[in-house]
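*Asks:* Take this sequence and fold it.
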Amino acid sequence: MAKVFDAAEVAKHNSADSCWVILYGNVYDVTDFLSSHPGGSKVILQLAGQDATEEFDPIHPSGTLDELKPEAKLGTVDPKTLAAKKPEVPVQKDDDAPAPLETLLNLDEIEAEATKRMPKKGWAYYYSASDDMITKSFNTTVYRDILLRPRVFVDCTQCDLSTTLLGHKVGLPIYISPAAMARLAHPDGELGIARAAAKFGALQLVSNNSSMTPEEIAAEAKPGQMFGWQLYVQNRRERSEEMLRRIHKMRDRYKTIVLTLDAAVPGKREIDEKSNFDKGLVVEPGVKGGTEKRPGGGGVGQQLFFGTASDLTWQTTLPWLAKNTDLPIVLKGGSHV
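*Replies:* Residues are numbered from 1 along each chain as shown. Predicted coordinates for the structure are as follows:
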């Protein structure tokens, strides 16, 4: 019979020497996992001795806990002893009901509405960009300067936007770029994006850091629906190789591997990092083991991307990747090579 713990007893195990966390009502001893956690030990120690479900759930795909040894699961926690958590307040307080989607007529209006509705942690990750976002602002300005010269006096009664990408038919000449942790914005996560893509026959590139597994994302795929898998090569190459083997088992849906080139180190996203400071997610003086040196303030982005390999080269990486996949390889993020 599983042991039932009092939350106060779990709270005593809040150091690198004895680190317990509560996830989905179960108590886990993750002390031995600290050194191998892809996001580093600090992010776990910040929640040591606490119920970490709210922080864990939208970021980690199902099956993540399977990586722990069976004996790490110590038992369950008595729910009566858990203090109720206050819901995270959206970035901008708004007492009105959400605007109907059909009334949001452009991306600016959608972004403004999402800013009001999303929890601050999710908003900060999605809205932020490198450093103080000067480049992001400049990119937006340049994009708005692009003008289209339409052809006129042509029959528009039989418009067909379909085309082919990598030899596969798609309904639109555009694709959905990979964006990590979609469940930070909505419980449906990447599966919700896949449902939308299916309506238009659009290609969806799935992030290496999705909040759902590639199997879950493609579970409801329509016949012919096309996905691509974005790859962040890991320092531990065996992790990337195992993921490639999983993607190959779904080659009827995943048609390409998209290798990201411009993420050699975790980005410094100031707004994202400040969201952690605002929530007080720093290791308190009384918590041991918080000495690991990591760049920046450890926002969602740095937690996700820490462990990504920084030694990629033309001479070594492409031969390695070609050895581990026979799917078409697309290089993403090249600006000067």
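*Asks:* those helices in the stretch 1-150 of the chain, which residues are they?
*Replies:* All helices of the stretch 1-150 of the chain, identified by DSSP state H, counting those that start in this stretch, fall at 7-11, 41-45, 53-56, 107-117, 120-127, 134-144.
*Asks:* If you average pLDDT over each of these, which is lowest?
*Replies:* Note on these: helix 41-45 shows the lowest mean pLDDT, a mean of 82.
*Asks:* what's that one packed up against?
*Replies:* Secondary-structure packing of helix 41-45 (3 or more Cβ pairs under 8 Å, 6 or more residues apart in numbering; DSSP states H and E): no helix or strand packs against it. Where you see a C-beta, it was placed from the backbone N, CA and C, and this is true even at glycine.
*Asks:* among the helices of the stretch 1-150 of the chain, which is nearest Pro223?
*Replies:* Closest approach to Pro223 among the helices of the stretch 1-150 of the chain is made by helix 107-117 (29.8 Å; Cβ to Cβ).
*Asks:* Can you tell me what sits against the host helix or strand of Trp320?
*Replies:* Here Trp320 is covered by helix 317-324, with elements defined by DSSP states H and E. Applying Cβ atoms under 8 Å, 6 or more residues apart in numbering, the external contacts of helix 317-324 come out as Leu231, Val233, Arg237, Ser240, Glu241, Leu244, Ile257, Leu259, Ile329.
*Asks:* Kindly give a single PyMOL line that selects the buried subset of these.
*Replies:* Applying 16 or more other Cβ atoms under 10 Å to the contacts of helix 317-324, the buried members can be selected in PyMOL as follows:
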select buried, resi 231+233+240+241+244+257+259
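*Asks:* tilt between the strand ranked longest in the chain and helix 317-324?
*Replies:* Assignment by DSSP state E gives strand 254-260 as the longest strand of the chain. Interaxial angle of strand 254-260 relative to helix 317-324 (axes from the mean of the first three to the mean of the last three Cα atoms, to 10 degrees): 160 degrees.
*Asks:* Check the offset of strand 254-260 from the chain's centre.
*Replies:* How far strand 254-260 lies from its chain's middle: 16 Å, per Cα atoms, centre = their mean, to the nearest Å.
*Asks:* List the buried residues in whichever helix or strand comes after the helix holding Trp320.
*Replies:* Using DSSP H and E, the helix or strand that follows helix 317-324 in sequence is strand 329-332. Using 16+ other Cβ under 10 Å as the burial criterion, the residues of strand 329-332 that qualify are Val330, Lys332.
*Asks:* Likewise for stretch 122-135?
*Replies:* Neighbour count says stretch 122-135 has Gly122, Trp123, Ala124, Tyr125, Tyr126, Tyr127, Ser128, Ala129, Met133 buried, by 16+ other Cβ under 10 Å.
*Asks:* From the chain's centroid, how far away is that stretch?
*Replies:* The chain centre lies 14 Å from the centre of stretch 122-135; the measure is Cα atoms, centre = their mean.
*Asks:* Number the residues from 10 up from this point.
*Replies:* In the new numbering, first residue 10, that becomes stretch 131-144.
*Asks:* okay, that stretch in CSV with CA atoms only?
*Replies:* As requested, C-alpha coordinates have been extracted for stretch 131-144 and formatted as CSV (Å, rounded to 0.1, in the frame of the first residue of the first chain):
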residue,chain,number,x,y,z
GLY,A,131,3.3,32.2,-20.5
TRP,A,132,2.9,35.7,-21.9
ALA,A,133,6.5,36.6,-21.0
TYR,A,134,7.9,33.6,-22.8
TYR,A,135,5.9,34.1,-26.0
TYR,A,136,6.2,37.9,-26.1
SER,A,137,9.8,38.1,-25.3
ALA,A,138,12.7,38.0,-27.7
SER,A,139,16.5,38.2,-27.4
ASP,A,140,17.9,40.9,-25.0
ASP,A,141,15.8,44.1,-24.9
MET,A,142,13.9,43.1,-28.1
ILE,A,143,15.5,45.8,-30.4
THR,A,144,16.0,43.2,-33.1
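*Asks:* Show me where the stretch 10-159 of the chain dips below the pLDDT cut-off.
*Replies:* Applying pLDDT under 70 to the stretch 10-159 of the chain picks out residues 10, 47-49, 93-105.
*Asks:* ok, which pair from the contacts of helix 326-333 is furthest apart?
*Replies:* Of all pairs drawn from the contacts of helix 326-333, the widest gap by Cβ to Cβ lies between Arg246 and Ile338 and measures 16.0 Å.
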